[in-house]
Every structure is written in C-alpha cells, then in structure tokens.
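**Q** Sharing a model that was predicted from the sequence below.
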Amino acid sequence: MALSLYQYLVIGFVTAAILIPIVRWFWKRFDLPSKRALKILQRQEEDEKERAMWAMIEAKVEAEAKAKTEFDNKQKAKLESAGKSLDETESETAWASLGVEAPLQPVEREVAPVLEMPQEESGTNEGAEEPDWELVKRLENLGDPVQGVPNAPDLEELKKSKSLR
C-alpha cells in the first residue's frame, strides 16, 4: 500500500500535533536547573553586582584624584605666573610692541623677612581674660558642707553592714 504525498503530510502533521504538546509538557516539568546550578547563578549575579559597585567606587576615586591633580596644576601655574617678572630684553620688546621707546625699569620684588615671635617664658598671656573669681571661690568651697543638705553615707560602713547580713 503506497501512500501519496498528501497522506504522508497529514500523518506527519497529526503526529506533530500530538507529540509537540507532550514533549513540551515533559520539557517544562523535568528541565529545571538543579540546586547547585541555581546557587552558581545566584553567586554570579552577586559577583556582577559587587563588580559594578567597586567599578563605581574606583571611578569616583579616580575622578577625585584627577580633580585634585588638576587643581594642584592650576595652583602651580598661578604661583609660577605670579612670581615671574620680565627680563630687560623681554621688557624692551614688550614696550617696543606697545610703541613706547623709553621703557620703564621692571619692578624688583623683595622677599619679606620671616618674623619670629619670641616665646614667653612665663605662663601668663597678656591677652588672656582674667578668671572668674566668683566661680573660683565656689569651686574651692565644694568640699565644705552646705546647710540643709544631708551628709552622704559612709560607703565603708555600708559594705560592712551588707557583708554581715
């Protein structure tokens, strides 16, 4: 018995229509990752989060370092440009380019001497405020008994009485 091409196609379609849902059901039911595979996947996700966090921290540190070096370089450039004066030849060419024939002499800067303050050997400071004498008297009288306030119990006697009990 020979089957025609259309009969083969219909038999294949019916077989596929029956087997595909059955295979899909088995696939979904038994193709789950194991506990070990789930742990590995979870560990990989945590590692990725940690790498991203450290990458952000390193980027911040690098940005701060870059900003600091740029600031330092600007400060050095300011100091270098502020401290330079022109030579006589540079001064003459600058004045000549401005059209002045008799240039002024460049100003010479003098370094101010460092003043050292003599250290006082006595323990008093001239600019210091005077102490509050009323407060000093009160502090001196703290050890004296005050009227109306009962005396504190003797701790040694309390310990002896508790140990006897």
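**A** That came through, no problem.
**Q** Residue 129: helix or strand, and which one exactly?
**A** Assigned by DSSP states H and E, residue 129 falls within no helix or strand.
**Q** Just the pLDDT at residue 92, thanks.
**A** Predicted confidence (pLDDT) at residue 92: the value is 79.
**Q** from the middle of its chain, how far away would the host helix or strand of it be?
**A** With elements taken from DSSP H and E, the one containing residue 92 is helix 88-98. Average the C-alpha atoms of helix 88-98, do the same for its chain, and the two points are 50 Å apart (CA atoms, centre = their mean, to the nearest Å).
**Q** following that helix, which helix or strand shows up next?
**A** Sequence-wise, the next helix or strand beyond helix 88-98 is helix 133-140, with elements assigned using DSSP H and E.
**Q** before we move on, the earlier item: can you pull the buried residues of the helix holding residue 92?
**A** Applying a neighbour-count criterion of 16 or more other CB atoms under 10 Å, one finds nothing buried in helix 88-98. In this view, the C-beta of every residue, glycine as well, is placed from N, C-alpha and C.
**Q** Could you report the neighbour count for residue 30?
**A** If you count neighbours by other CB atoms under 10 Å, residue 30 ends up with 7.
**Q** now it: how far from residue 23?
**A** When CB to CB, to the nearest Å is the yardstick, residue 30 and residue 23 sit 11 Å from each other.
**Q** Also residue 93?
**A** Using CB to CB, one gets 92 Å for the distance from residue 93 to residue 23.
**Q** Next: residue 49.
**A** Distance from residue 49 to residue 23, counting by CB to CB: 37 Å.
**Q** Equivalent analysis for residue 110, please.
**A** For residue 110, the distance to residue 23 equals 97 Å [CB to CB].
**Q** Below-threshold pLDDT in this protein: ranges please.
**A** Along the chain, segments meeting pLDDT under 70 span 83-84, 102-107, 119-128, 165.
**Q** What is the longest helix of it by residue count?
**A** The single longest helix within the chain, with elements called by DSSP state H, is helix 35-83.
**Q** OK, contacts around the most centrally placed residue in the chain?
**A** Nearest to the geometric centre of the chain sits residue 61, at 8.2 Å (CA atoms, centre = their mean). If a contact means CB atoms under 8 Å, 6 or more residues apart in numbering, then residue 61 has no contacts.
**Q** let's have the chain start at 36 instead
**A** Happy to do that; since the first residue is 36 now, the last one works out to residue 96.
**Q** what about it, distance to residue 103?
**A** Here residue 96 is placed at a distance of 11 Å from residue 103 (CB to CB).
**Q** Lovely, talk soon.
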